[in-house]
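**Q** Sequence and predicted structure below; questions after.
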Amino acid sequence: MRNRGTALMRAGVLVLIAAFTLAGCGGPGGGEQQQAEERVRPVEVATVEMSNVTPTLEFSGSIMPAREASVGAMVSAQVKTMHVEPGDRVREGDLMVEMAGEQLVQAEAQFVAAQKDWERMTRLLEAGAITQQAFDQIDAGYQAAKASHDLVRESTMIRAPFDGVVSATYMEEGEVFVLMPGGSSSTPAIVEVVQLNKVKVRIAVSERDLPEVRKGLKANVTVATYPGREFEGTVTLVEPVISSMTRTATAEATIPNGGELLRPGMFANLTLDLAPRDVLLVTHDGVLQQEGTGRYFSMLYEDGVARRVDVELGHVSGEYHEVLSGLEAGQAVITTGRYRLADGASVSSVREEGDR
């Protein structure tokens with residue numbers, strides 16, 4: 001009896017286990033159906049569209065003076081008088097520094113001697129005591145001495161080359177400026193002048209973007225000092241040569257600087273507005289970068305299946321990328337649920353991005 005009861009008990013347990021197993025699987029075939037449903041990922045999509053946009057290029061750089069000049073003397077001489085100091089405003093031609101030196105002393109002595117001879121010979125010529133030929137020889141010597149004196153004196157008078165601000169002085173009164181053979185000097189300059197009513201931003205343009213950048217393009221500049229404010233300028237220089245080291249070309253944008261709010265040395269963000277054109281656009285969320293590379297791809301939604309396609313991107317336009325190849329207008333790209341989504345995976349519950 002004991003053996004028979006034990007056997008009946010075991011049979012009852014097996015029946016209960018089978019019943020629970022069938023209930024958990026929803027009956028025959030229920031487990032496969034549940035796994036299939038779990039493999040279908042819900043996603044959201046956005047449509048690739050053709051649109052007329054004004055593409056932009058973004059760069060960073062530093063504010064620089066529109067013009068700057070490090071000014072020295074044309075001859076070796078001593079700094080006699082400094083008429084300016086850093087921060088002073090100067091007009092073109094203003095006297096900034098007077099120099100004194102041996103060459104100027106010699107030139108002045110020769111000029112004074114020649115002038116006395118010329119005055120004496122002038123009186124003799126008027127009295128008829130000498131010939132015109134004799135006077136002409138003295139007059140030629142006088143004119144040469146005067147020209148030499150004027151040249152040396154002007155060389156020791158350092159004047160402002162343009163309207164601007166004195167940004168630095170490198171010598172004090174009494175120090176000697178030495179001009180070395182070949183025109184170089186032992187000091188970089190005596191005075192530095194910068195123009196601030198206009199400034200410029202110098203940028204490095206890649207090979208790919210260089211055909212888009214040309215003189216006359218509108219440039220918008222922002223700096224951290226004035227958040228929310230834009231300063232408008234124009235591209236004024238595009239160098240035709242690409243550096244073999246950086247593979248970039250140098251360009252400059254000039255910005256009017258009324259009030260001199262922009263100061264040299266400020267970090268600047270510069271945006272160039274390119275010519276309007278019809279372009280194919282895809283939202284940023286519809287593009288993924290292949291890890292460890294500079295390549296991009298999108299996941300297309302096609303009849304419940306995700307399909308991977310490589311894409312080539314152009315300029316950024318707001319929240320969109322310009323598409324150069326890989327996509328066509330009207331295609332649906334997956335924007336949500338795209339991460340770790342395999343090519344050929346089943347997708348469902350699709351809705352257009354932005355729908356509610």
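**A** Received the coordinates, thanks.

**Q** Distance check, the closest residue to residue 189 other than its chain neighbours against residue 124.
**A** Sequence neighbours aside, residue 70 is the residue nearest to residue 189 in space, at 3.5 Å (criterion: Cβ to Cβ, 6 or more residues apart in numbering). Placement of C-beta: from N, CA and C, glycine included. Computed as Cβ to Cβ, to the nearest Å, the residue 70 to residue 124 distance reads 51 Å.

**Q** returning to that earlier point: name the helices or strands packed onto the helix or strand the residue nearest to residue 189 falls within?
**A** Taking DSSP states H and E as the definition, residue 70 sits inside strand 56-71. If you count contacts as 3 or more Cβ pairs under 8 Å, 6 or more residues apart in numbering; DSSP states H and E, strand 56-71 packs onto strand 164-169, strand 191-206, strand 267-273, strand 305-317.

**Q** between the helix or strand following that strand and strand 164-169, how many degrees?
**A** Once the chain leaves strand 56-71, the next helix or strand it forms, by DSSP H and E, is strand 77-82. Calculated by axes from the mean of the first three to the mean of the last three Cα atoms, to 10 degrees, strand 77-82 forms an angle of 120 degrees with strand 164-169.

**Q** Residues contacting strand 77-82, please?
**A** Identification of contacts with strand 77-82 by Cβ atoms under 8 Å, 6 or more residues apart in numbering yields 96-101, 103-104, 156, 169, 171-177, 190.

**Q** ok, which stretches of the stretch 1-150 of the chain are helices?
**A** 2-25, 30-39, 102-127, 132-155 (DSSP state H, counting those that start in this stretch).

**Q** just for the stretch 1-150 of the chain, where's the confidence low?
**A** Counting by pLDDT under 70, the stretch 1-150 of the chain has low-confidence residues at 1-38, 101-104.

**Q** cutoff 90 now
**A** Residues of the stretch 1-150 of the chain meeting the criterion pLDDT under 90: 1-41, 52-57, 72-78, 99-118, 120-121, 123-131, 133-139, 141-150.

**Q** what lines up beside the strand holding residue 70 in the sheet?
**A** Strand pairing for strand 56-71, determined by DSSP bridges: strand 191-206 (antiparallel), strand 267-273 (antiparallel).

**Q** Pull out the buried positions in that strand.
**A** Using 16 or more other Cβ atoms under 10 Å as the test for burial, strand 56-71 gives 57, 59, 61, 63-69, 71.
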